[in-house]
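Chemist: Below are the sequence and a predicted model for it; my questions follow.
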Amino acid sequence: MTWQNWAGTATMDPARRYWPKAADDISDAVKDAAAAGLTVRAFGSGHSFTPAAVTAGAALDLSGWTGIVAADTESGLVTVRSGTTLRALNADLDVLGLAMPNMGDIDAQTISGAISTGTHGTGARYGGIATQVEALELVMADGARVRASATQNPDLFAAARVSIGALGVIATVTLRCVPAFRLAAAEFPMPLDEVVGRFDELARDNDHFEFFWFPYGRNALVKLSNQLTAGRASTTGNDRGRSPVPPPMPRWRRFYEYEVMENAAFGALCRAGRAVPSLVMPLGKLAAATLSHRSYSALSHRVFVTPRRVRFVESEYAVPREAILGVLAELRQAVPRLRQPVMFPVEVRVAAADDIWLSTAYGRDSAYIAIHQYVGLPYQEYFAAFESIATAAGGRPHWGKMHTLDAGRLEARYPRFADFQRIRDEADPERRFANPYLDQVLGR
């Protein structure tokens, strides 16, 4: 049966499939594939928009290799099997009184897929999910299981936390978690020009800040989230002014806001725009004009994550934090000139610098700008215009989202690219874990 990713942008019919239930099963599958002369790729929930998981050789379905292996509630160190989805992981962490310190807004990805592609949330003082990793166990090209951490195989560790699966199959991930916490969230419309004018303030003064700009509309949807301390929530992310803690969102309101409005109603608008493209612009203005205001508190992962049932294609670039407003300004100028209108909002987030060799935030505080288009609507012209703007600003593409850059262009954007290639040559000299996408972005 043909495998297809979530967005329908990648498919595969591998020569062999494996469903490992134990770490030894992963090793055996790699050895078996090698004996048959096949390349190997592991896949999870298919949430990458790129063909990162695609292979014509041996495909390892990790859906049966899930759950927490070990947890220390004192240190916060939790070891989890690589096929575990973020949704399942957070449910298990809840039981332990633990949480991930930061997340993106989708939790369908496996933990191994999320770290391998550089998935991230938002927050000027927070790194991507890979920065939470304390150790990895990898199945190498010869089937051997190797542990990597800051003290064991440190160069492999620096490379493997974001590796797009090029170094081996991740068997387990050890995360440093934190005690469970609640967030106070405020989501509200704000004129885009005001968001731009206050961007640095909003990023600096809130634990987590992001906004969505609806092309053709005046308003952006701003989302601010701050950790609750001493029974109070900060409105600014610091001690200048406190506001009462907002109550949890009633179940009926959550269903209305997220299932009815953000999924069912918005999905209906998208389908109307796809059927009659001339409606896209007025529908986009309508969506921007009808944004609601909501304040609530909840467990952290219930605030970080938003249900996304309307399907789309996506491209995202990380740019130096100081370049984001210029990139956004150019994109605002480019959108009205497109021959095909844009149905989906643009998302802007921030993250702290890190030291992971192929992380999009390596060595620099970063801002992320993600563009989307509803499935079935033309996106090529839009994505090409965006890529031209973002790359001119020194942008680095998200490894799991659509882009056209190759190894020749990417090498100049990653100071440790050559070091990664050295580790890859040592770990996988025969390119057992290669596929066409890795040939594109890493070379042969």
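Modeler: Received the coordinates, thanks. Because the structure is a prediction, the values reported are computed rather than measured.
Chemist: For residue 71, grab phi and psi.
Modeler: Backbone geometry at residue 71, expressed as degrees, to the nearest 10, gives phi -150, psi 140.
Chemist: if I look at it, how far off is residue 63?
Modeler: Counting by C-beta to C-beta, to the nearest Å, the gap from residue 71 to residue 63 is 22 Å. From N, CA and C alone the C-beta is placed, and that goes for glycine too.
Chemist: ok, now residue 287?
Modeler: For residue 287 relative to residue 63 (C-beta to C-beta), the value is 35 Å.
Chemist: what about these two, which has more around it?
Modeler: residue 287 (24 against 14; other C-beta atoms under 10 Å).
Chemist: wait, what's in contact with the residue nearest to the more buried one when sequence neighbours are not counted?
Modeler: Nearest residue to residue 287 in three dimensions, chain neighbours excluded: residue 214, at 5.3 Å (C-beta to C-beta, 6 or more residues apart in numbering). Shown in contact with residue 214 (C-beta atoms under 8 Å, 6 or more residues apart in numbering): 220, 221, 284, 285, 287, 288, 345.
Chemist: Among the residues you listed, which lie within helices?
Modeler: In this view, the contacts of residue 214 that belong to helices under DSSP state H are 284, 285, 287, 288.
Chemist: By neighbours, which of those residues wins?
Modeler: Neighbour-wise, the ones in helices among the contacts of residue 214 (other C-beta under 10 Å) top out at residue 287, 24 neighbours.
Chemist: just checking, it touches residue 267?
Modeler: No - the pair residue 287 / residue 267 is not scored as a contact, 11.6 Å apart, by C-beta atoms under 8 Å.
Chemist: The stretch 51-200 of the chain: strands as residue ranges?
Modeler: Here the stretch 51-200 of the chain has its strands, by DSSP state E, counting those that start in this stretch, at 58-61, 68-72, 77-81, 98-99, 133-139, 145-149, 169-176, 178-179, 182-191.
Chemist: and residue 263, which of those is closest to it?
Modeler: strand 182-191 (15.3 Å; C-beta to C-beta).
Chemist: In that closest one, which residues are buried?
Modeler: For strand 182-191, burial by neighbour count (16 or more other C-beta atoms under 10 Å) applies to 182, 183, 184, 185, 186, 187, 189, 190.
Chemist: got the contact list for the residue lying closest to residue 277 once chain neighbours are set aside?
Modeler: Nearest-residue entry for residue 277: residue 341, 6.2 Å, with adjacent residues in sequence omitted and distances by C-beta to C-beta, 6+ apart. Shown in contact with residue 341 (C-beta under 8 Å, 6+ apart): 215, 216, 273, 277, 280, 281, 284.
Chemist: Can you say which of those residues are buried?
Modeler: Buried residues within the contacts of residue 341, counting neighbours by 16+ other C-beta under 10 Å: 215, 216, 273, 280, 281, 284.
Chemist: picking that back up, pick out whichever of the ones in helices among the contacts of residue 214 sits closest to residue 405.
Modeler: Set against residue 405, the nearest of these by C-beta to C-beta is residue 284 (28.6 Å).
Chemist: Can you tell me the SS state at the residue lying closest to the closest one once chain neighbours are set aside?
Modeler: Computed as C-beta to C-beta, 6+ apart, the closest residue to residue 284 that is not its neighbour in sequence is residue 216, at 4.1 Å. State at residue 216, reduced to three classes by DSSP: H, G, I helix; E, B strand; the rest coil: coil.
Chemist: care to break the chain down by domain?
Modeler: The chain breaks down by automatic domain parsing into domains covering 63-179, 182-397.
Chemist: what about the longest one, distance to the chain center?
Modeler: Between the centre of domain 182-397 and the centre of its chain there are 13 Å (C-alpha atoms, centre = their mean, to the nearest Å).
Chemist: how long is that domain end to end?
Modeler: Terminal residues of domain 182-397 are spaced 32 Å apart (C-alpha to C-alpha, to the nearest Å).
Chemist: quick thing: my sequence starts at 749, can you match it?
Modeler: In the new numbering, first residue 749, that becomes domain 930-1145.
Chemist: What is the burial count for residue 947?
Modeler: Here the count is done by other C-beta under 10 Å, and residue 947 has 19 residues near it.
Chemist: which residues does it contact?
Modeler: So residue 947 contacts 1072, 1073 (C-beta under 8 Å, 6+ apart).
Chemist: mind redoing it with 6 Å?
Modeler: Counting by C-beta atoms under 6 Å, 6 or more residues apart in numbering, residue 947 touches no other residue.
Chemist: ok, so of the buried ones among the contacts of residue 1089, who is nearest residue 1105?
Modeler: residue 963 (34.8 Å).
Chemist: confidence score at that closest one?
Modeler: Looking at residue 963, its pLDDT is 91.
Chemist: Quick check, it in contact with residue 1082.
Modeler: No - counting by C-beta atoms under 6 Å, residue 963 does not reach residue 1082; the two are 10.0 Å apart.
Chemist: No further questions, thank you.
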